[in-house]
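Peer 1: quick check, what structure comes out for this input:
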Amino acid sequence: MVATPLQSMLQIDALSRDTRTLVESLLVLFALLGAFAVRRRKRAVTATTFLLLSGSALIDAGARFIPNEQVGQKVAVAAFVLFLFGLIRLVLEFVDAVSRRGKVHFSSIGKELLMLVLWFVVVMVVLYTDFGVQPLSILTTTTVFAAVLGFALQETLGNVFSGLSLSIGRPFDPGDWIRSGTHVGQVKGIAWRATTIVTRDGERLEVPNSVIAKDVLFNYTTGHVREEITVGISYGVPPNHVREVVLTLLRDVPGVLREPPPEVLVWSYGDFAIQYLIKYWIGDYGVQEHVRDRVASSLWYALRRHSIEIPFPTRTVHVRDAGRDEDERADAQFERELMSDLRQVDWLRGLSDDELRLLVPTVAVRQFGAGEMLVRAGEAGESMFIVRSGKAEVFGHTADGQVRHIAEIGPGVITGEMALMTGEPRNANVRALTDLEVIEMDREGLTRLFKEHPDAVASIGDIITARNRERLEKLASGDTLDGKGGPHRWLLNKMRELFDF
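Peer 2: Numbering: from 1, shown residues only. Next up, the predicted model:
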């Protein structure tokens with residue numbers, strides 16, 4: 001038997017028949033090894049490609065053993081066509097792998113369409129050269145067949161052409177978050193029939209291309225996406241105060257963008273609350289639910305900390321006379337707890353019970369969620385905080401903008417006292433590491449204490465000066481003390497000036 005078309009293509013037709021068989025056997029072996037190597041791996045080159053190559057070489061090698069030489073030649077031609085199919089598939093898969101290197105998702109329609117066109121060209125050429133079939137007659141027959149097939153497969157063909165239009169128009173890229181109808185998910189790829197998306201629940205959805213092409217498509221991968229949440233606030237709280245509280249908390253929520261800026265709008269007046277619409281922007285729609293959870297959680301802490309009520313439809317009956325004694329006992333117990341907490345502060349420890357009672361009406365218990373800011377550097381120091389429970393971090397920024405950890409504080413530790421006593425801006429930041437409960441004390445109580453007990457000023461000044469000696473020495477190195485003669489005297493003068501006693 002003369003050399004087959006495949007042997008001629010491989011340039012081994014000049015070799016002896018046994019040598020040609022050996023070369024084809026080696027080709028079969030290597031192709032099978034390639035198929036075995038990629039059979040369970042997610043690679044661009046698939047096992048099917050190697051099986052086509054090995055199968056074609058095996059058929060071509062076996063054609064020599066067919067007694068009828070004419071039939072053997074036809075089998076060799078079929079093996080040649082099968083080998084070209086595998087070769088085309090191998091080249092396209094390799095080119096596709098190089099073009100999308102580093103990308104996880106891709107559309108396979110372009111590759112598959114080109115593959116079909118090349119396969120069709122190969123079949124037409126082989127039929128014409130080896131079997132004498134005229135291409136025009138084949139096209140006439142296939143046209144009639146295509147018309148019948150197209151009528152029977154209208155929906156499938158609609159999906160195919162919709163997939164082509166999506167690949168060309170590219171309203172979304174693989175990896176984008178989209179919504180089509182009721183389906184929301186991340187695009188994994190576009191195939192002939194459907195687009196694959198994966199929802200937040202990990203569900204893999206095959207959405208027909210025709211459905212996506214006909215429906216309104218929302219693409220959330222635009223750099224920033226607006227989210228919103230509503231909350232009802234009591235009528236007794238001024239809207240500007242609510243707006244200030246909410247905008248402040250949104251600055252510290254991870255995932256919420258500074259630009260475009262968040263908005264807090266008075267949306268409607270309900271039966272029992274003013275409804276506010278809170279709008280904010282996120283950069284990654286994939287974490288939308290987590291950011292929403294952080295916003296809602298921080299909102300609860302911020303509103304509770306500022307004594308802003310979130311009312312709900314209920315009927316409350318207050319029976320004051322019957323519970324007066326119990327309320328008084330509860331108030332007395334709460335006062336004792338506050339006085340005990342205040343005595344944890346070293347410069348308040350020496351005060352008498354009567355002196356501490358002057359402070360109790362002016363303090364408030366506040367709650368902060370993990371990650372929220374208690375104090376910001378540069379702000380006016382109108383109050384100080386005593387930690388009751390939880391942990392917080394004190395940090396600052398270097399000249400080049402780097403964050404510098406200063407200390408970690410816990411129960412019994414006070415922060416913000418120097419700014420409160422001197423009226424200077426705060427010089428460090430304090431952020432809650434865990435859920436935090438603190439006692440907030442403002443100037444009102446200290447003013448009352450100093451006016452009624454001026455002797456307390458000196459002892460308090462001594463302790464605060466000792467605790468902040470390093471900082472005050474830095475202040476004393478320049479003109480910041482206004483020549484008043486040392487850290488202790490400077491602190492007392494600042495306190496007398498600020499508290500007016």
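Peer 1: use CA for all of it now, contacts and neighbours both
Peer 2: Will do.
Peer 1: measure the residue nearest in space to the middle of the chain to residue 277 for me?
Peer 2: The centroid of the chain falls nearest to residue 287 when counting by Cα atoms, centre = their mean (3.4 Å). As judged by Cα to Cα, to the nearest Å, residue 287 and residue 277 stand 21 Å apart.
Peer 1: with residue 212 instead?
Peer 2: According to Cα to Cα, residue 212 and residue 277 sit 31 Å apart.
Peer 1: so for the two, which residue has more residues nearby?
Peer 2: Legend: neighbour count by other Cα atoms under 10 Å for residue 212 and residue 277, higher for residue 212 (20 against 17).
Peer 1: what sits against that one?
Peer 2: By Cα atoms under 8 Å, 6 or more residues apart in numbering, the residues touching residue 212 are residue 180.
Peer 1: could you list the buried residues of stretch 343-361?
Peer 2: 343, 344, 347, 348, 351, 355, 356, 357, 358, 359, 360 (16 or more other Cα atoms under 10 Å).
Peer 1: nearest to residue 87, out of these: which one, please.
Peer 2: Taking Cα to Cα as the measure, residue 87 lies nearest residue 344 of the buried residues of stretch 343-361, at 81.6 Å.
Peer 1: quickly find the element holding the closest one.
Peer 2: Secondary structure assignment for residue 344, by DSSP states H and E: no helix or strand.
Peer 1: hang on, residue 278 in a helix?
Peer 2: No - applying DSSP: H, G, I helix; E, B strand; the rest coil, one finds residue 278 to be strand, outside a helix.
Peer 1: skip the chain neighbours and tell me the closest residue to it.
Peer 2: Ranked by Cα to Cα, 6 or more residues apart in numbering and with sequence neighbours excluded, the top spatial neighbour of residue 278 is residue 264, at 4.6 Å.
Peer 1: what comes into contact with the helix or strand encompassing that neighbour?
Peer 2: Here residue 264, judged by DSSP H and E, is contained in strand 263-269. In this structure, residues lying in contact with strand 263-269 by Cα under 8 Å, 6+ apart are 239, 243, 246, 247, 274, 275, 276, 277, 278, 279, 280.
Peer 1: ok, how many other residues are close to the third one?
Peer 2: Right, residue 246. Per other Cα under 10 Å, the neighbour tally for residue 246 reads 20.
Peer 1: worst-scoring helix or strand of this protein, pLDDT-wise?
Peer 2: helix 469-476 (a mean of 48; mean pLDDT, DSSP states H and E).
Peer 1: and the strands in the stretch 151-300 of the chain?
Peer 2: 177-180, 183-190, 194-198, 204-208, 217-219, 225-233, 263-269, 274-282 (DSSP state E, counting those that start in this stretch).
Peer 1: looking at those, which is nearest to residue 422?
Peer 2: Across the strands of the stretch 151-300 of the chain, residue 422 has its closest neighbour in strand 263-269 (34.6 Å, Cα to Cα).
Peer 1: quick check: mean pLDDT of that closest one?
Peer 2: Strand 263-269 carries an average pLDDT of 93.
Peer 1: residue contacts, residue 251?
Peer 2: Neighbour list for residue 251: residue 258 [criterion: Cα under 8 Å, 6+ apart].
Peer 1: list phi and psi for residue 389.
Peer 2: phi -150, psi 150 (degrees, to the nearest 10).
Peer 1: need the pLDDT of it.
Peer 2: Residue 389 is given a pLDDT of 89.
Peer 1: shouldn't residue 434 be in contact with residue 391?
Peer 2: Yes - between residue 434 and residue 391 there is a contact under Cα atoms under 8 Å: 5.6 Å.
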